[in-house]
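Colleague: curious how this folds, go ahead:
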Amino acid sequence: MAAIEFCWRKNKNLGHYNFSYNNIFDNDGLQKIIEWLGPNNHVFKVEVSERAGDQYAALQEALSNNKPKKGKKGKKGKKKKK
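Modeller: Alright, predicted model coming up:
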């Protein structure tokens with residue numbers, strides 16, 4: 001769990017983590033993940049097994065708060081004057 005927290009703090013580019021086949025999460029582990037999602041708002045998708053614990057719904061709600069906002073499209077090229 002400490003390694004996961006370290007990765008989330010250091011790696012700001014990666015926002016999707018798949019732990020669905022790891023059996024390391026119980027209710028205490030999911031609670032820690034939910035707590036870490038607050039300060040690490042770059043993490044927008046964490047996949048865990050649905051059988052991981054009772055707090056699966058709370059995890060999905062916390063992840064919905066971290067979804068990235070849609071950005072504005074950039075300006076298209078201006079026409080060149082001749």
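
Colleague: from here on, just use CA atoms for contacts and neighbour counts.
Modeller: OK.

Colleague: who are the contact partners of L63?
Modeller: Neighbouring residues of L63 by Cα atoms under 8 Å, 6 or more residues apart in numbering: 37, 43-46.

Colleague: return the subset of those lying in helices.
Modeller: L37 (DSSP state H).

Colleague: all helices for the chain, in order.
Modeller: 2-10, 27-37, 56-65.

Colleague: of all these, which lies closest to E50?
Modeller: E50 lies closest to helix 56-65 among the helices of the chain, at 6.6 Å (Cα to Cα).

Colleague: quick one: mean pLDDT for that closest one?
Modeller: The pLDDT scores in helix 56-65 average 82.

Colleague: count of neighbours near the nearest residue to K67 once chain neighbours are set aside?
Modeller: Nearest residue to K67 in three dimensions, chain neighbours excluded: F44, at 5.1 Å (Cα to Cα, 6 or more residues apart in numbering). F44 has 19 neighbours, counted by other Cα atoms under 10 Å.

Colleague: got phi/psi on F44?
Modeller: Main-chain torsions, F44, degrees, to the nearest 10: phi -120, psi -10.

Colleague: which strand residues bridge N18?
Modeller: Beta-bridge partners recorded for N18 (DSSP bridges): E47.

Colleague: turn the helices of the chain into CSV, including distance to E50.
Modeller: Shown next, in CSV, are those (distance: least, Cα to Cα, whole Å):
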stretch, distance to E50
helix 2-10, 19
helix 27-37, 11
helix 56-65, 7
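
Colleague: for Y17, find the nearest of the ones you listed.
Modeller: Y17 lies closest to helix 2-10 among the helices of the chain, at 9.7 Å (Cα to Cα).

Colleague: for this structure, which residues score under the pLDDT cut-off?
Modeller: Segments of the chain classed as low confidence (criterion: pLDDT under 70) are 24-25, 52-53, 69-82.

Colleague: rewinding a little: K10: which of the contacts of L63 is nearest?
Modeller: Nearest to K10 among the contacts of L63, with distances taken as Cα to Cα, is V43, at 11.7 Å.

Colleague: which one of the contacts of L63 sits in the busiest neighbourhood?
Modeller: V43 (23 neighbours).

Colleague: surely that residue touches N66?
Modeller: Yes - if you go by Cα atoms under 8 Å, V43 and N66 touch, sitting 6.7 Å apart.
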